[in-house]
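A.B. asks: What follows is a protein structure lacking sequence information:
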């Protein structure tokens, strides 16, 4: 309990830092002189840190939540247990630069001409405002993604070796547990929605399902990254599905898009734009659905925990903990449901695009 | 809203890592797993088909056996019936033959009897003739002696002749 309290006070401290940091950042556009902003920001931050040390009890729940669901350049498991992650920057004048994020742990949060800004989300900005940098850092989310990718590869190559080694034997152990899910995805999700040519898309859709599932579940672990609740991740997945759909779509699909049959000519003026907007709405809905569901779940859980620190009461805490436990179970369910829905909708989009015979209903 | 602004660095890593995962899993995991599953399904289907086929064969064999048994039964019945017919026929024939034989024997017996009878009758006729002659001779002799005695003699003779 004590370590938890310490942890949350640290969060409060960081969160408060961010709050007081905001006005400083808002002033940025006004001040165009390079370097000065950074100085000002630093001074502000330090002032606030000192203040916070004096009034430790100040706790901003909104900032605490934002800090937890946003990406970060270091992985903070708990107070003081911080894993520095590599920062990879590309700029035209300096090329690729790689250094550890722990280098920012100094008086000015500054290293090598870069400044780590804590705002709504963490950002690395060059001290020299004129320079443009591209941030390819291995952030908390990227590190988490690499771990989950490794787990996926290890788990499923392990399962695959079972099928290679014990051919013709009854399934057992972990392989048979995975087999149930694989068969469910194959027989209940992909086969009926994609159609007879489902085998070509099965590897992609299976990977999609398990990638989303494992990252959803890993996101629920304490101290972990919120990967599938990050819009960049869900956007990439949605765009990949969009690309798969439109690379494999047949003539019928495009014909239906540009010249729907059985529609009177004057209506085409409305129908064609609607159809084209529909094409882009599909991946957009995929992206938002996963992002919003996972992020909302995290926000609810964090709000509940935040309540404990707002009330600071031993009566409220157990009640809220019970509530949080209940919500955690719901979140586990959501982790499965969202992975399932993403895969299901991807299958449906692929299926409607490769359908051989053209008919009026295309999964609207 | 920083939450809704995708970070290009993360998109880059996401693309790289996800595509790598798709590639590696497709090649080293999904391919053998899906193949294994399909093989097993085919095996199970094959075993089921074989069982079904065997069952059909068994049913076929059973019906063949039944047919054979029915045929055998029919043949046995036929043989029994034939045998019975044959024996009946034999018996009937024997009976007929026996009857005819009997008839013949009776006929011949009758013939013999008739012949014997005829013979006897002719003998009797001779005897009667002889007797009549003897009686006539005796009567003639007695008549010569007494008239009453003669008549009495004739009556006696007639009576005895009727008895004969």
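C.D. replies: Thanks, I have it. Keep in mind that this is a model prediction, so the values were computed, not measured.

A.B. asks: Contact partners for the residue in the stretch 101-250 of chain A that chain B sits nearest to?
C.D. replies: Scanning the stretch 101-250 of chain A for proximity to chain B using C-beta to the nearest C-beta identifies residue A:163 as nearest, at 3.0 Å. Any C-beta I mention is one placed from the backbone N, CA and C, and that applies to glycine too. Each residue near residue A:163 by C-beta atoms under 8 Å, 6 or more residues apart in numbering or on different chains is listed here: A:175, B:32, B:33, B:35, B:36, B:37.

A.B. asks: so how many other residues sit close to the residue nearest to the first one when sequence neighbours are not counted?
C.D. replies: Leaving out its chain neighbours, the residue that sits closest to residue A:175 by C-beta to C-beta, 6 or more residues apart in numbering or on different chains is residue A:162, at 3.9 Å. Counted by other C-beta atoms under 10 Å in any protein chain shown, the residues lying close to residue A:162 total 21.

A.B. asks: same question, residue A:203
C.D. replies: For residue A:203, using other C-beta under 10 Å, the count is 19.

A.B. asks: In contact with it, which residues?
C.D. replies: Neighbours of residue A:203 in contact, by C-beta under 8 Å, 6+ apart: B:22, B:25, B:26, B:30, B:31, B:34.

A.B. asks: Please repeat the previous calculation with a cut-off of 6 Å.
C.D. replies: Residue A:203 makes contacts with B:26, B:30, as judged by C-beta atoms under 6 Å, 6 or more residues apart in numbering or on different chains.

A.B. asks: What ranges in chain A fall below the confidence cut-off?
C.D. replies: A:1-38, A:41, A:48-58, A:120, A:168, A:357-364 (pLDDT under 70).

A.B. asks: Quick one: name the residues of it near chain B.
C.D. replies: With C-beta under 6 Å from any C-beta of the partner chain as the criterion, chain A meets chain B at residues A:120-121, A:135-136, A:141-142, A:145, A:149, A:152-153, A:156-157, A:160, A:163-164, A:203-204, A:206-207, A:231-233, A:235-236.

A.B. asks: How about the residue nearest the centre of chain A, nearest residue that isn't a chain neighbour?
C.D. replies: The centre of chain A sits closest to residue A:230, judged by C-alpha atoms, centre = their mean, with a distance of 2.5 Å. Spatial nearest neighbour of residue A:230, chain neighbours left out: residue A:141 (5.7 Å); criterion: C-beta to C-beta, 6+ apart.

A.B. asks: burial measure for the residue lying closest to residue A:186 once chain neighbours are set aside, as a count.
C.D. replies: Once flanking residues are discounted, residue A:186 sits nearest to residue A:202: 6.3 Å by C-beta to C-beta, 6+ apart. Counted with other C-beta under 10 Å, residues neighbouring residue A:202 total 21.

A.B. asks: which parts of stretch B:39-53 are buried?
C.D. replies: residue B:40 (16 or more other C-beta atoms under 10 Å in any protein chain shown).

A.B. asks: Is it positioned near chain A?
C.D. replies: No. Applying C-beta under 6 Å from any C-beta, one finds stretch B:39-53 separated from chain A by no less than 6.8 Å.

A.B. asks: from the chain's centre, how far out does that stretch sit?
C.D. replies: 50 Å (C-alpha atoms, centre = their mean, to the nearest Å).

A.B. asks: just stretch A:223-243 next, same as before
C.D. replies: 5 Å.

A.B. asks: Then stretch A:115-129?
C.D. replies: With C-alpha atoms, centre = their mean, you get 21 Å for stretch A:115-129.

A.B. asks: and residue A:90, what does it touch?
C.D. replies: A:96, A:134 are the contacts of residue A:90 under C-beta under 6 Å, 6+ apart.

A.B. asks: Would you mind naming the helix or strand containing it?
C.D. replies: Following DSSP states H and E, the helix or strand that holds residue A:90 is strand A:86-91.

A.B. asks: Show me which positions of the helix or strand following that strand end up buried.
C.D. replies: Per DSSP H and E, strand A:86-91 leads on to strand A:95-100 as the next helix or strand towards the C-terminus. Buried residues in strand A:95-100, defined by neighbour count with 16+ other C-beta under 10 Å: residue A:99.

A.B. asks: how close does residue A:106 sit to residue A:121?
C.D. replies: Distance from residue A:106 to residue A:121, counting by C-beta to C-beta, to the nearest Å: 21 Å.

A.B. asks: Likewise for residue A:103?
C.D. replies: 20 Å.

A.B. asks: Which elements pack onto the lowest-mean-pLDDT helix or strand in chain B?
C.D. replies: Sorting the helices and strands of chain B by mean pLDDT, DSSP states H and E puts helix B:147-163 at the bottom, at a mean of 75. Contacts defined by 3 or more C-beta pairs under 6 Å, 6 or more residues apart in numbering or on different chains; DSSP states H and E place helix B:147-163 against helix B:31-143.

A.B. asks: Could you find the closest non-adjacent residue to the residue of chain B found nearest chain A?
C.D. replies: For chain B and chain A, the shortest gap (C-beta to the nearest C-beta) falls at residue B:36, measuring 3.0 Å. The shortest distance from residue B:36 to any non-neighbouring residue, by C-beta to C-beta, 6+ apart, is to residue A:163 (3.0 Å).

A.B. asks: element containing the one you found, please.
C.D. replies: Short version: residue A:163 belongs to helix A:140-165, going by DSSP H and E.

A.B. asks: Please spell out which residues along the next helix or strand after that helix are buried.
C.D. replies: Using DSSP H and E, the helix or strand that follows helix A:140-165 towards the C-terminus is helix A:173-184. Going by neighbour count (16+ other C-beta under 10 Å), the buried part of helix A:173-184 is A:175, A:178, A:179, A:181, A:182.

A.B. asks: Distance of the fourth one relative to residue A:155?
C.D. replies: In other words, residue A:181. Going from residue A:181 to residue A:155 by C-beta to C-beta gives 11 Å.

A.B. asks: Could you do the first one as well?
C.D. replies: Residue A:175 sits at a distance of 10 Å from residue A:155 (criterion: C-beta to C-beta).

A.B. asks: swap in the second one?
C.D. replies: In this view, residue A:178 and residue A:155 are 7 Å apart by C-beta to C-beta.
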